[in-house]
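Colleague: have a look at this fold, sequence not included:
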């Protein structure tokens, strides 16, 4: 087994990936952590999607006193506007998930493209793209997000772009390593010699091999994106017109929820975020383990055990 | 394995022990001297120690306590009494004011404090009124010059008999000439760049000895103060970045008082502390760009439209949800807490969506697709600029937005920090052409001159956040400044308020109560609409003492 | 020779990154709307002279290119400019902020290492039992919690017992050394604990993995067969194996944590570099922002370099 230079952050170029179709589904079925994680995520996503129909109360209507206590009709109490917390959680999860997915999508597109290009074309393209990636890695993450959000103005769209632009680096690296190994495979070389175009090769041969790892990476990135959204909202840079889980924490914080004893205004949203992130981490981690089994027990590189991309996003926003 | 557990246990025990030790040893802040240090917590800020730069209320309260002012308010906040000036009289038909000032007064660096410093301050502000000293320009309006024939006499010559002299001088901090004279370069622009860091050379009952921006300001008793010496040894203003920390600190006795209690915390504090609430001079507003020269959305200049908007605001709800009852619906640019200056005949507009709809229909703006009205070929859909450092704007906006939708007006919020918000409002280049709507708040003084000045044409790029400019109003403003007879002046001030009520550059939302909390072992604070630490008089913190 | 090559390459790359960062940072902040001069020049009918004087004072009147070169020149002299907000040198402001942040971050990292090691050892030693599952799940759970939210939970739990805001009690007038020390310790506990709890998960997993790998090796079996006590085995081999990735992890984390402690500093009103950045953004204090970004970027690059070199030196298995 050939082993590449172990720069921190380098993915071990190990055996060819097990590329059976349906590995994602199989992993989820087989491993309890992934199964639990997926189940939880499914419930939460469904709840958020169906919020307009399932939410018990109106999102904008005050149904009781400010910071009303939990009661039978309001199991999680009321927030600082007298609005039902359960309703807020459902709508808030909706917005947070949208931001998470959208920002991840942005970063997937960017990271995937750069990763594929770097891994496939190699040489100068590879070097340049990797240098750019490395530059993005050293930018102080959260400070940059703050600057851009503060300057551009807090709107959902801006937040999504800002987060997405900073999350793509780990994806790029992972995809690049994977593409590199796939490129060396016999059938790819044969396709090239038969004159197939780059595009065709990439889409027909490379991407399918890369897809499962991309999915694993996506799930992990979603976790980070949601975390970043709560961080930005907490610092007052979230979209004020939409209630997200991060915004709920910030609202309670600004209105002295804790010293008033209204713990229900602040504990549930954070707990929900933690559960979402945990579930994503379980699923993504299990997928990664399954797809690159040697990574697990192989030589310890700092990257092997990342929950969120270590060398890159997620760690800094502490 | 056992050994490792032991180590872990040891570390754990040590940490807990250290924590407990540290917690038990928490300071109560009492010094060994009799006076003690009165520790105030606040969520606002002192933005600058330079009177030519500062905007925040707490900065002005600071200046009140560290600098000599000629005049201050009495305990009832209604009459003017002596501060640095012991007596005053007018002559020359009201065009000349002569003040007798304290004898033998000193600055904190030992240099003599005389009427000459007062004269210098006034003359400097006049000289650089258009540049470095512009913040104070309103205070010295209509003054020709000031002279100090001797160390205890100050003569101020006005161009015409002025009506608000004492009110203006109550805000006028006298600066030490020997410190500030070297900072008038670049045609006075240097006045704005002098940091004036602690320890500040001043002459108030306290001296500012320590200042860490956004953290702490420590004031020590000034034993060479020309007036009544403070009972406490010192007081401190500790600035918190969030209300939870502020309230927790009071409960944990890390501070003795909170200057501005968040509404949600009032109930929990009442049990262990003295919580006082007085009608304040802080009012939140809804701003409509009233620049007569604006190019876009001129339908917002239509008085009927403004009136309709005013009827779509549920002030009761705002008072209840945003302020939890610690406010009253507001109606005028001059707050009710100013006493006789407030025009009692002005009432807040009724919350009447049907009436609002009718007014807009009558004005000819029909509802289009989606129920949004159309004006001049475009939807009546506007952005409302809100500054992020006025936290009540978010909840208030959430109350306004659905109601406005019901009358066919669509609102979207644009939250910006205050610098960017002001730029967005006044842009481009102080022409007030771009914005439509905004929300902010004002902290007024007792004397109405300042609040009335913010809607004058002269305040473009200065205090104006509405773009309002009206020659007729400016004439009234000048006139009230030059009406020495206080009854006549009052009538004029009432007339101006009614005038503005109809023109509506602002729709006033809520007049907040000022709520503060003090630990039970301290007393003697003087209540005021600006709270116990204010820029109205030196009496409050001079009389505070342990009991 | 290859070793030296590697080192030189890494150092050169680090320097290049810093230079790019400097340039891009400069450009980024000039694009922003709203300047501190706006606040200072809020005068009625601000005469062109006043605005110009203020602009001159802060060097904003020249072309962007000129400003860039001036900036580079000043940078080479170690001059980071003057903060708009308090008119003090940026370098001094940043120094104070860093001095405030670093102890808190270090203590937090220490907490993380201690808790992580304990849980990692537990998980590996009790492999396959419920204890392992619980240990790993707890680690993951804390890792998933939003940092600021966790800080707030600690505030809920400890308000009244420990100070929940600020770095010191500013009202301690002339305290003795011991009083001052006690005060600092009391204030630093909660922020550092928050950091520690959020971070320990990674250390758990690393330690566990290192231990698992070592424990499965032949010489361990031999040692056990020979009757060596488990603790001795642990101490001698497994943990030592984990040292490399832990060291690397620490190096990498430090680079980023200093930048990112902003959430903890906001919750606990800690006057550190995170807060400084946040306040500078709000005040449009460009010199401070530029300086802070520079410091943060350099710290990340530096620590990444350290991690690279550590790896290179300590990992016997690196091949090319």
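Modeller: In hand now; what should we look at? Because the structure is a prediction, the values reported are computed rather than measured.
Colleague: ranges for the strands of the stretch 251-400 of chain B?
Modeller: For the stretch 251-400 of chain B, the strands defined by DSSP state E, counting those that start in this stretch occupy B:257-258, B:273-288, B:327-329, B:374-375, B:378-379, B:381-387.
Colleague: these: which one's closest to residue A:23?
Modeller: Comparison of the strands of the stretch 251-400 of chain B against residue A:23 by C-beta to C-beta identifies strand B:381-387 as nearest, at 49.0 Å. All C-beta spots, glycine's among them, are computed from the backbone N, C-alpha and C.
Colleague: need the winner for burial among the strands of the stretch 251-400 of chain B.
Modeller: Highest mean neighbour count of the strands of the stretch 251-400 of chain B: strand B:257-258, a mean of 26 (counted as mean count of other C-beta atoms under 10 Å in any protein chain shown).
Colleague: in its sheet, what does that strand sit against?
Modeller: Sheet pairing of strand B:257-258 (DSSP bridges) gives strand B:37-42 (parallel), strand B:506-519 (antiparallel).
Colleague: what stretches of chain A score poorly on pLDDT?
Modeller: Scanning chain A for pLDDT under 70 picks out the ranges A:1-22, A:151, A:186, A:292-318.
Colleague: where do the helices of it begin and end?
Modeller: A:23-30, A:32-49, A:51-54, A:85-121, A:123-138, A:141-152, A:156-183, A:186-193, A:198-201, A:207-234, A:245-254, A:257-260, A:267-291, A:293-297 (DSSP state H).
Colleague: ok, now chain C?
Modeller: Using DSSP H, helices in chain C cover C:2-30, C:36-40, C:48-57, C:64-76, C:90-125, C:130-144, C:147-158, C:177-215, C:218-226, C:230-233, C:239-260, C:262-267, C:273-282, C:286-314.
Colleague: test my guess that residue B:302 contacts residue B:362.
Modeller: No: assessed by C-beta atoms under 8 Å, residue B:302 is found out of contact with residue B:362, at 10.9 Å.
Colleague: so between those two, which is more surrounded?
Modeller: Taking neighbours as other C-beta atoms under 10 Å in any protein chain shown, residue B:302 and residue B:362 compare with residue B:302 leading, 16 against 10.
Colleague: where does that one fall, phi/psi-wise?
Modeller: The phi/psi pair for residue B:302 (degrees, to the nearest 10) reads phi -70, psi 120.
Colleague: and the helices of chain A as TSV, adding distance to residue B:415 and mean neighbour count?
Modeller: Converted to TSV, the helices of chain A look like this (distance: least, C-beta to C-beta, whole Å; neighbours: other C-beta atoms under 10 Å in any protein chain shown):
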stretch	distance to residue B:415	mean neighbour count
helix A:23-30	40	16
helix A:32-49	24	17
helix A:51-54	24	12
helix A:85-121	16	23
helix A:123-138	28	16
helix A:141-152	10	23
helix A:156-183	12	24
helix A:186-193	51	12
helix A:198-201	44	12
helix A:207-234	12	25
helix A:245-254	11	27
helix A:257-260	20	25
helix A:267-291	20	24
helix A:293-297	44	14
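Colleague: now those helices as CSV including distance to chain C?
Modeller: Formatted as CSV, those follow (distance: least, C-beta to the nearest C-beta, whole Å):
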stretch, distance to chain C
helix A:23-30, 17
helix A:32-49, 9
helix A:51-54, 21
helix A:85-121, 11
helix A:123-138, 5
helix A:141-152, 4
helix A:156-183, 12
helix A:186-193, 24
helix A:198-201, 29
helix A:207-234, 5
helix A:245-254, 6
helix A:257-260, 5
helix A:267-291, 3
helix A:293-297, 6
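Colleague: now render those helices as a markdown table, adding distance to residue B:205.
Modeller: A markdown table is the format used below for the helices of chain A (distance: least, C-beta to C-beta, whole Å):
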| stretch | distance to residue B:205 |
| --- | --- |
| helix A:23-30 | 72 |
| helix A:32-49 | 59 |
| helix A:51-54 | 58 |
| helix A:85-121 | 49 |
| helix A:123-138 | 53 |
| helix A:141-152 | 40 |
| helix A:156-183 | 49 |
| helix A:186-193 | 84 |
| helix A:198-201 | 80 |
| helix A:207-234 | 41 |
| helix A:245-254 | 35 |
| helix A:257-260 | 32 |
| helix A:267-291 | 46 |
| helix A:293-297 | 70 |
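Colleague: select, out of those, the one closest to residue B:179.
Modeller: Nearest to residue B:179, of all the helices of chain A, is helix A:141-152, at 36.2 Å by C-beta to C-beta.
Colleague: what sits against the residue positioned nearest the centre of chain A?
Modeller: When C-alpha atoms, centre = their mean is applied to chain A, the residue found nearest the centroid is residue A:222 (1.6 Å). For residue A:222, the contact set (C-beta atoms under 8 Å, 6 or more residues apart in numbering or on different chains) comprises A:100, A:101, A:104, A:280.
Colleague: same deal with residue C:295?
Modeller: Residues near residue C:295 by C-beta under 8 Å, 6+ apart: C:94, C:98, C:273.
Colleague: 7 Å - rerun?
Modeller: Going by C-beta atoms under 7 Å, 6 or more residues apart in numbering or on different chains, residue C:295 touches residue C:94.
Colleague: fine by me, thanks again.
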